[in-house]
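[1] What would the 3D arrangement of this be:
(chains A, B, C and D)
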Protein chains: 2
Amino acid sequence: MKTRVNRSSLSQQAIDLLREQIYDHRLMPGQRLDEAVLAEQLGISRTPLREALKVLSAEGLVDLQPHRGCFVTELTLRDLEEIFPIMATLEGRVAHEVAAKRTAAQLKALDALHEKLEKHAAAGDVNRYYETNYVFHDQLQECAGNRWLQIVIGDLRKLLKLSRHHSLRLEGRLSASLAEHRALMQALHRQDADAAEQVMRGHLLAQLEALRELSLANEVVHG
Amino acid sequence: MKTRVNRSSLSQQAIDLLREQIYDHRLMPGQRLDEAVLAEQLGISRTPLREALKVLSAEGLVDLQPHRGCFVTELTLRDLEEIFPIMATLEGRVAHEVAAKRTAAQLKALDALHEKLEKHAAAGDVNRYYETNYVFHDQLQECAGNRWLQIVIGDLRKLLKLSRHHSLRLEGRLSASLAEHRALMQALHRQDADAAEQVMRGHLLAQLEALRELSLANEVVHG
DNA sequence: CTCCGGTATGTTGTATACAAAATATCGTAT
DNA sequence: ATACGATATTTTGTATACAACATACCGGAG
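    Numbers count the residues shown, from 1 in each chain, chains lettered A, B, ... in the order given. Okay, the predicted model is just below:
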């Protein structure tokens, strides 16, 4: 018995579902998406599916080639090399803003999230650390109070989620990440905006460096 | 006789046309877009039109409310207050990069564009100055060689074009803008990356300040 | 007169059928 | 045997018809 009535449109549901499937690589980068097949799998017609693909294309998650078909976007290392510095700049700005104008309540909330990070790191639980880290950055952007900055960063983050590799997978990266978070929290407590910005930039660029190393290791194995 | 065969899809044509109409305010901010009416005007069916609206919605040019309708986005002064600092940061980064690694040929091309700016400013031709200024910034981003940075800045610029006001309309802003461009060119010649970044940030924030003043003047008149 | 509810109308959302374009297949000629 | 080209097939792009939802209008009760 279907108690839950689906409130949102089929195209919106398709967007959400496909995004998720792209993120966890059930739909693999480079894979071709046949409209008829996909529509059948989702149990909807091609009309709302095509609208969904247009949106995902605008987000950069798929590549929509006229009269040729739709393909899941493949991020190259070069893309990562370009995107991470932008993220570093933008998130650095967020950290700067928050350090300057955070309230006591906001700081408390961030402290609580940081505590979770400490705990998951101690337990060696990479997945939970990753999730909490995501929430932490999100919360920080919320504190910055710039809606458009949040949107831009969010858009880029969507793209980065296309990458198959997680920097936390690299040996030693987890503890390094935690150390960077500690430094950030200290800067926020001191209301040292410049330091917070610097730490955040370093945090993002360190992730890129980790991905570089992982990429190299991968090449050695596969290529 | 129609020699030119329209190669691109109707939905793509609709995207381009609507974007243009939104930019030059034939479609005004806040205006409701009735699918049936619009489709009739464009001489196409609702199917490709709806796909176009989805894309424009993802770009932020229209607001697509489920079951309610589609509305041209209205940018508030607050939006501008949020977006310009981001642009300042990103374009500042572009200036930094270009100053650091520009080639002689690139510098020459930029010089040529700057000369045009000087000419149009001297002639008091605001429209041509505006256009050339656009090309100049675009060229600069090209020189930076970061594709994603270009995309992000481009997305934000699309949004800013929604604004009805142009900062150059403000008394004295044209000459100030030119002065800032001169300072930028000098920094690029000197390969002074930090100075270039600073100048560019200031350039963008000065535009915001001009818009603030225009907005105030407008309130006095209308409100 | 105001407020509530039901019906009517119009607009958005979806499915299906058809057109056009690209790709694959197969036969023929060199 | 290979390369070229015409035809067949598949897939994308578009139009139309229908369903679902939201709103506006109208009538009646309090």
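
[2] Following the record's annotation, map out the domains of chain A.
    A:10-72, A:77-222 (automatic domain parsing).

[3] Kindly reformat those domains as CSV containing distance to DNA strand D, mean pLDDT and mean neighbour count.
    C-beta: built from backbone N, CA, C; applies to glycine. Output for the domains of chain A, formatted as CSV (distance: least, Cβ to the nearest atom of the strand, whole Å; pLDDT from 0 to 100; neighbours: other Cβ atoms under 10 Å in any protein chain shown):
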stretch, distance to DNA strand D, mean pLDDT, mean neighbour count
domain A:10-72, 4, 97, 16
domain A:77-222, 20, 95, 17
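
[4] For DNA strand C, find the nearest of the ones you listed.
    Nearest to DNA strand C among those is domain A:10-72; the distance by Cβ to the nearest atom of the strand comes to 3.0 Å.

[5] Can you give me the end-to-end span of the closest one?
    20 Å (Cα to Cα, to the nearest Å).

[6] surely residue A:192 meets residue A:99?
    Yes. If you go by Cβ atoms under 8 Å, residue A:192 and residue A:99 touch, sitting 6.1 Å apart.

[7] Give me the helices and strands touching the longest helix anywhere in chain A, please.
    Across chain A, the longest stretch assigned as helix under DSSP state H is helix A:193-222. Under the contact criterion of 3 or more Cβ pairs under 8 Å, 6 or more residues apart in numbering or on different chains; DSSP states H and E, helix A:193-222 touches helix A:77-101, helix A:173-190.

[8] now for the last one, which elements pack on it?
    Other elements packing on helix A:173-190 under the criterion 3+ Cβ pairs under 8 Å, 6+ apart are helix A:77-101, helix A:104-122, helix A:126-144, helix A:193-222.

[9] Output the ones you listed in JSON lines; the columns should cover distance to residue B:181.
    Output for the helices and strands packed on helix A:173-190, formatted as JSON lines (distance: least, Cβ to Cβ, whole Å):
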{"stretch": "helix A:77-101", "distance to residue B:181": "23"}
{"stretch": "helix A:104-122", "distance to residue B:181": "40"}
{"stretch": "helix A:126-144", "distance to residue B:181": "30"}
{"stretch": "helix A:193-222", "distance to residue B:181": "28"}
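
[10] Find the nearest non-adjacent residue to the spatially most central residue of chain A, please.
    Central residue of chain A (Cα atoms, centre = their mean): residue A:157, 3.6 Å from the mean position. Distance criterion Cβ to Cβ, 6 or more residues apart in numbering or on different chains; nearest residue to residue A:157, sequence neighbours excluded, is residue A:87 at 7.6 Å.

[11] The one you found reaches residue A:158, doesn't it?
    No. Contact criterion Cβ under 8 Å: residue A:87 and residue A:158 do not qualify, at 11.7 Å.

[12] Contact residues of chain A facing chain B?
    Within chain A, the residues that sit near chain B (Cβ under 8 Å from any Cβ of the partner chain) are A:8-9, A:11-12, A:47, A:50-51, A:54-55, A:57-59, A:66, A:79, A:82-83, A:85-86, A:89-90, A:93, A:146-149, A:152, A:155-156.
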